[in-house]
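> this one's sequence-less:
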Ligand SMILES: O=c1ccn([C@@H]2O[C@H](COP(=O)(O)OP(=O)(O)O[C@H]3O[C@H](CO)[C@@H](O)[C@H](O)[C@H]3O)[C@@H](O)[C@H]2O)c(=O)[nH]1
């Protein structure tokens, strides 16, 4: 039998899930001397995901097994929500995952199982193998708190969450405003809500919850999750804040083969320190045509330098605001007439995808206008970049509230962008606020503090360093 602990990490499709799983794998290898096998289900349509997996495989830190995406066309309708899609896919992939593990030579089988938020039904495979099993939430402790508490809300609360007149109270945590609830809580009759409640019910069946945050960042929520008198009685299992787990510049660069446009970095090198705002709405986020027009005008009126990663606008206000775009889409067909020419000297428009971590770490970057997916938020903090937060979907509304109200590292629009088109004047003000105004200096100071606190968490003896050491290496197997 191999004497090394071996973690199997099961990861759902999507870059926002894949990237933090790869980072967790690296830490388990470097800090715990684990062997790691990542079981990934790459989206068939995402070239970037396959590039990322290919790059992660060299040099060989850990094994990656790609499970074929299951055919779920018979289980879901054509326009189901992303959470439903991911939950059903991870349910249907379970037999293939189980067979892949049981097909391993006994001595090489995993000694620990780690599944992501959408894969909690596979925790039972850990029981079958008789090994410790963890859930890894690649987001905040606040999201973990909301998720473990949603089954209680479900039992005790009447009506839709978005119609509540009072904030949703979670013991020991900052309450969640009805407008901020995560996407699956928007409609209690939708399948994604049922899936989400089930996920919340499954968390306490694990042996612990890993999360991409750190003690000092969210100490109140983390304390509540541990406190038997508060949320601990619902969460029931140990909590491991092991963040921030983000890509380093080197690893991000190597995954963006062919995308690291030399021209972009040559241009950035010529700009003054902290003078450029980077605008990017995550791995697939976009906005309506009307909103995109206002964004373009707002940027232009702010008179600030920018790099803007653009994707074709969503077709209607009801569209999912998530697209992988098309390589043939030409930004000049959907950006305001003349915008590209007028801003030629101060801005760069990048089509679909840019090497984000490399850009954020460049000294010329002074602000990040982001959809505040948690990976992007952490990349901004660890590179000391203040943000404009522009939540679109998933848990991004609670992230936005935390980044502005709790942490003070970001500014936001008066009304949520998906509720009302934010006009060019307000956008101009927000951009100037973080890039030029005095307020921006205070925000910059706060991000600097958080960057130091993040580094401390991962230094020897720091809270995240210690937390990852406490994850069981699981040396006992039943079968
Ligand atoms: O042009 C781009 C766009 C994105 N990225 C990278 O892609 C990742 C995107 O992750 P994230 O910012 O978390 O956004 P999503 O892909 O939208 O992530 C999903 O998963 C996250 C983690 O669970 C959640 O916080 C989000 O709300 C959810 O949408 C980051 O590492 C970015 O650096 C690039 O390198 N270049």
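Nice, I can see it. Since the structure is predicted, the reported quantities are computational estimates derived from the model, not experimental observations.
> I'd say residue 212 and residue 138 touch.
Yes. Using C-beta atoms under 8 Å, residue 212 is in contact with residue 138, at 5.0 Å. For every residue, glycine as well, the C-beta is placed using N, CA and C.
> Who has more neighbours out of these two?
Neighbour totals were compared for residue 212 and residue 138, and residue 138 leads with 28 against 25 (other C-beta atoms under 10 Å).
> Enumerate the residues of the stretch 151-300 of the chain near the ligand.
Within the stretch 151-300 of the chain, the residues that sit near the ligand (C-beta under 6 Å from any ligand atom) are 280, 282-283.
> Redo these as a markdown table? Include pLDDT and secondary structure.
Below are these laid out as a markdown table (pLDDT from 0 to 100; DSSP: H, G, I helix; E, B strand; the rest coil):
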| residue | pLDDT | secondary structure |
| --- | --- | --- |
| 280 | 97 | strand |
| 282 | 89 | coil |
| 283 | 84 | coil |
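> what would these look like in a markdown table with neighbour count?
Shown next, in a markdown table, are these (neighbours: other C-beta atoms under 10 Å):
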| residue | neighbour count |
| --- | --- |
| 280 | 23 |
| 282 | 24 |
| 283 | 23 |
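> what helix or strand is residue 43 on?
Here residue 43, judged by DSSP states H and E, is contained in no helix and no strand.
> so which helix or strand takes in the nearest residue to it once chain neighbours are set aside?
The shortest distance from residue 43 to any non-neighbouring residue, by C-beta to C-beta, 6 or more residues apart in numbering, is to residue 13 (4.4 Å). Remark: residue 13 resides in no helix or strand, with elements defined by DSSP H and E.
> ok, now residue 446?
Element membership of residue 446, judged by DSSP H and E, is helix 438-457.
> Which strands and helices lie in contact with that helix?
Where contact means 3 or more C-beta pairs under 8 Å, 6 or more residues apart in numbering; DSSP states H and E, helix 438-457 is packed against helix 374-382, strand 410-412, helix 424-435, helix 463-469.
> how distant is the last one from the center of its chain?
So that's helix 463-469. Relative to its chain's centre, helix 463-469 lies at 21 Å (C-alpha atoms, centre = their mean, to the nearest Å).
> what's the distance between residue 465 and residue 33?
Distance, residue 465 to residue 33, by C-beta to C-beta, to the nearest Å: 14 Å.
> cool, residue 423 as well?
To residue 33, residue 423 is 55 Å away according to C-beta to C-beta.
> Show me which of these two is the more surrounded one.
Between residue 423 and residue 33, counting by other C-beta under 10 Å, residue 423 is the more crowded of the two (14 against 10).
> The more buried one against residue 294, yeah?
Yes. Assessed by C-beta under 8 Å, residue 423 is found in contact with residue 294 at 5.5 Å.
> which stretches of the stretch 1-150 of the chain form strands?
Per DSSP state E, counting those that start in this stretch, the stretch 1-150 of the chain carries strands over the ranges 6-11, 35-40, 63-66, 112-116, 133-137.
> Now mean neighbour count too, for those, in JSON lines please.
Shown next, in JSON lines, are those (neighbours: other C-beta under 10 Å):
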{"stretch": "strand 6-11", "mean neighbour count": "26"}
{"stretch": "strand 35-40", "mean neighbour count": "22"}
{"stretch": "strand 63-66", "mean neighbour count": "16"}
{"stretch": "strand 112-116", "mean neighbour count": "26"}
{"stretch": "strand 133-137", "mean neighbour count": "24"}
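> Number of residues surrounding the residue nearest to residue 43?
By other C-beta under 10 Å, the residues close to residue 13 number 22.
> re earlier: between residue 212 and residue 138, what contacts are shared?
Common neighbours of residue 212 and residue 138 (criterion: C-beta atoms under 8 Å, 6 or more residues apart in numbering): 20, 245, 374.
> between the residues you listed, which is closest to the ligand?
For these, the closest approach to the ligand (C-beta to the nearest ligand atom) belongs to residue 374, at 3.4 Å.
> I'd like to know how many residues surround that closest one.
When neighbours are defined as other C-beta under 10 Å, residue 374 has 25 of them.
> Now do the spatially closest residue to it that is not a sequence neighbour, the pLDDT please.
Closest residue in space to residue 374, ignoring its immediate chain neighbours: residue 139 at 4.3 Å, by C-beta to C-beta, 6+ apart. You'll see residue 139 listed with a pLDDT of 98.
> contacts for the strand or helix carrying residue 267?
Per DSSP H and E, residue 267 falls inside helix 262-270. For helix 262-270, the surrounding residues in contact (C-beta under 8 Å, 6+ apart) are 276, 307, 348, 350, 354, 358-359, 362, 364-365.
> Could you list the buried residues of it?
Buried residues in helix 262-270, counted by 16 or more other C-beta atoms under 10 Å: 264, 267-268.
> so can I have JSON lines of these showing pLDDT?
Formatted as JSON lines, these follow (pLDDT from 0 to 100):
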{"residue": "264", "pLDDT": "95"}
{"residue": "267", "pLDDT": "96"}
{"residue": "268", "pLDDT": "97"}
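> which residues touch the residue sitting nearest the centre point of the chain?
Nearest to the mean C-alpha position of the chain, counting by C-alpha atoms, centre = their mean, stands residue 374 at 3.7 Å. By C-beta under 8 Å, 6+ apart, the residues touching residue 374 are 16, 138-140, 212, 395, 399.
> Can you tell me, leaving aside adjacent residues, what's nearest to the residue of the stretch 351-479 of the chain found nearest the ligand?
The nearest approach of the stretch 351-479 of the chain to the ligand comes at residue 373, 2.4 Å away (C-beta to the nearest ligand atom). Using C-beta to C-beta, 6+ apart and skipping residues adjacent in sequence, the residue nearest residue 373 is residue 282, 4.5 Å away.
> try residue 179
Closest residue in space to residue 179, ignoring its immediate chain neighbours: residue 416 at 6.4 Å, by C-beta to C-beta, 6+ apart.
> Where in the chain is the helix or strand with the lowest mean pLDDT?
Ranked by mean pLDDT, DSSP states H and E, the helix or strand of the chain with the weakest confidence is helix 249-255, at a mean of 58.
> one step back: now the strands of the stretch 1-150 of the chain as a markdown table including distance to residue 474?
Listed next are the strands of the stretch 1-150 of the chain as a markdown table, based on distance: least, C-beta to C-beta, whole Å:
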| stretch | distance to residue 474 |
| --- | --- |
| strand 6-11 | 8 |
| strand 35-40 | 12 |
| strand 63-66 | 18 |
| strand 112-116 | 4 |
| strand 133-137 | 9 |
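> Give the full set of residues in contact with residue 80.
Contacts of residue 80 by C-beta under 8 Å, 6+ apart are 88, 191-192.
> now do residue 440
Contacts of residue 440 (C-beta under 8 Å, 6+ apart): 367, 386, 433-434.
> picking that back up, tell me which two of the contacts of residue 374 sit farthest apart.
The largest separation in the contacts of residue 374, counting by C-beta to C-beta, is between 16 and 140 at 13.3 Å.
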